[in-house]
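Chemist: Fold the following and give me the result.
(chains A and B)
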Amino acid sequence: NAGVTQTPKFRVLKTGQSMTLLCAQDMNHEYMYWYRQDPGMGLRLIHYSVGEGTTAKGEVPDGYNVSRLKKQNFLLGLESAAPSQTSVYFCASGGGNTEAFFGQGTRLTVV
Amino acid sequence: GESVGLHLPTLSVQEGDNSIINCAYSNSASDYFIWYKQESGKGPQFIIDIRSNMDKRQGQRVTVLLNKTVKHLSLQIAATQPGDSAVYFCAERNGGTSYGKLTFGQGTILTVHP
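Modeler: Okay, the predicted model is just below:
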C-alpha cells in the first residue's frame, strides 16, 4: 500500500548540475502535482498534470520542467540547479472526487 | 489566522479549547477545498474537504465552513489536544479553465498547551 512515493529522499547538488525527481503513485489518480516548500512557508505549486501526457505551469515554474509520460509517474527536472532551488519538494496525486495525497518529500540542497 | 507575508500566523490555545483557523481563498472558480495538517518533517495530511455546493461539513472533531460570498474558509477543531499542534493549510482546487490546479494558502501554526 505505497500511495505516493518520491525518489530520492535527500540530494545535494552543485550549482549548474542537473537532476530528476521521480514521483510514483499507485492509486490510478488523474491529477499529479509538484510543490516546493521553503522554511516557514507554505507550499507553492511548480507544475501540475491533469492526465497522462498533459502538464501545466503552476505558480513558480521557472527553472523546472516536468513530464507525465505514464499515468503513474510525474517527473520533475532541474536542468541547471541554482542555490535558490534549495528546498523541500513534495509530490501529490489526486482524483476528481478525492483529495490530494502527498509523498514524504525530497530535501534538496544546492551548493 | 490569515496569511501575513512571509511569516506564518500563529494560534495558541489551551488543551480542551475549541480552535478556529481561517483562510481566505482567491479564485471564484475554485470548486473544491481541502484542509491539511502538516507535522514537522512530514508531508501534508488530509483532514477534511468540502465542495463548493456545500457550506458546512463535519468530521470527527472537525468542521469546515465555506462562505463563497466572501471567499472564506474556516476549520474548527473541537476539544483541541496537544497532538493537534501542527501547521494547518487550506487548499483550493480550480474548477474553471485551469481545472485541477490545486493551490495552498500560507498556513497557520497551531500550538496547543497542556
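
Chemist: going forward, measure contacts between C-alpha atoms and count neighbours the same way
Modeler: Will do.

Chemist: where do the strands sit along chain B?
Modeler: Along chain B, counting by DSSP state E, strands occupy B:10-14, B:19-24, B:30-38, B:45-51, B:56-58, B:62-67, B:72-77, B:86-94, B:102-104, B:108-113.

Chemist: Can I get those strands in JSON lines including distance to A:Val50?
Modeler: Converted to JSON lines, the strands of chain B look like this (distance: least, CA to CA, whole Å):
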{"stretch": "strand B:10-14", "distance to A:Val50": "34"}
{"stretch": "strand B:19-24", "distance to A:Val50": "25"}
{"stretch": "strand B:30-38", "distance to A:Val50": "15"}
{"stretch": "strand B:45-51", "distance to A:Val50": "19"}
{"stretch": "strand B:56-58", "distance to A:Val50": "26"}
{"stretch": "strand B:62-67", "distance to A:Val50": "25"}
{"stretch": "strand B:72-77", "distance to A:Val50": "25"}
{"stretch": "strand B:86-94", "distance to A:Val50": "11"}
{"stretch": "strand B:102-104", "distance to A:Val50": "11"}
{"stretch": "strand B:108-113", "distance to A:Val50": "28"}
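
Chemist: what about A:Leu108, neighbour count?
Modeler: Neighbourhood size, A:Leu108 [other CA atoms under 10 Å in any protein chain shown]: 19.

Chemist: does the nearest residue to B:Lys42 once chain neighbours are set aside count as helix, strand or coil?
Modeler: In this structure, B:Lys42 finds its nearest non-sequential neighbour in A:Gln104, 5.8 Å apart by CA to CA, 6 or more residues apart in numbering or on different chains. When classified by DSSP: H, G, I helix; E, B strand; the rest coil, A:Gln104 comes out as coil.

Chemist: if we can go back for a sec, chain A: which of the strands of chain B is closest?
Modeler: With respect to chain A, and counting by CA to the nearest CA, the nearest of these is strand B:102-104 at 6.0 Å.

Chemist: Please produce CSV containing the strands of chain B, extended by mean pLDDT.
Modeler: Output for the strands of chain B, formatted as CSV (pLDDT from 0 to 100):
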stretch, mean pLDDT
strand B:10-14, 96
strand B:19-24, 96
strand B:30-38, 96
strand B:45-51, 97
strand B:56-58, 98
strand B:62-67, 98
strand B:72-77, 97
strand B:86-94, 95
strand B:102-104, 95
strand B:108-113, 96
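
Chemist: With mean neighbour count and distance to A:Lys9 added, can I get those in JSON lines?
Modeler: Below are these laid out as JSON lines (neighbours: other CA atoms under 10 Å in any protein chain shown; distance: least, CA to CA, whole Å):
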{"stretch": "strand B:10-14", "mean neighbour count": "15", "distance to A:Lys9": "29"}
{"stretch": "strand B:19-24", "mean neighbour count": "20", "distance to A:Lys9": "31"}
{"stretch": "strand B:30-38", "mean neighbour count": "22", "distance to A:Lys9": "17"}
{"stretch": "strand B:45-51", "mean neighbour count": "19", "distance to A:Lys9": "18"}
{"stretch": "strand B:56-58", "mean neighbour count": "15", "distance to A:Lys9": "35"}
{"stretch": "strand B:62-67", "mean neighbour count": "19", "distance to A:Lys9": "32"}
{"stretch": "strand B:72-77", "mean neighbour count": "20", "distance to A:Lys9": "31"}
{"stretch": "strand B:86-94", "mean neighbour count": "24", "distance to A:Lys9": "21"}
{"stretch": "strand B:102-104", "mean neighbour count": "24", "distance to A:Lys9": "23"}
{"stretch": "strand B:108-113", "mean neighbour count": "20", "distance to A:Lys9": "25"}
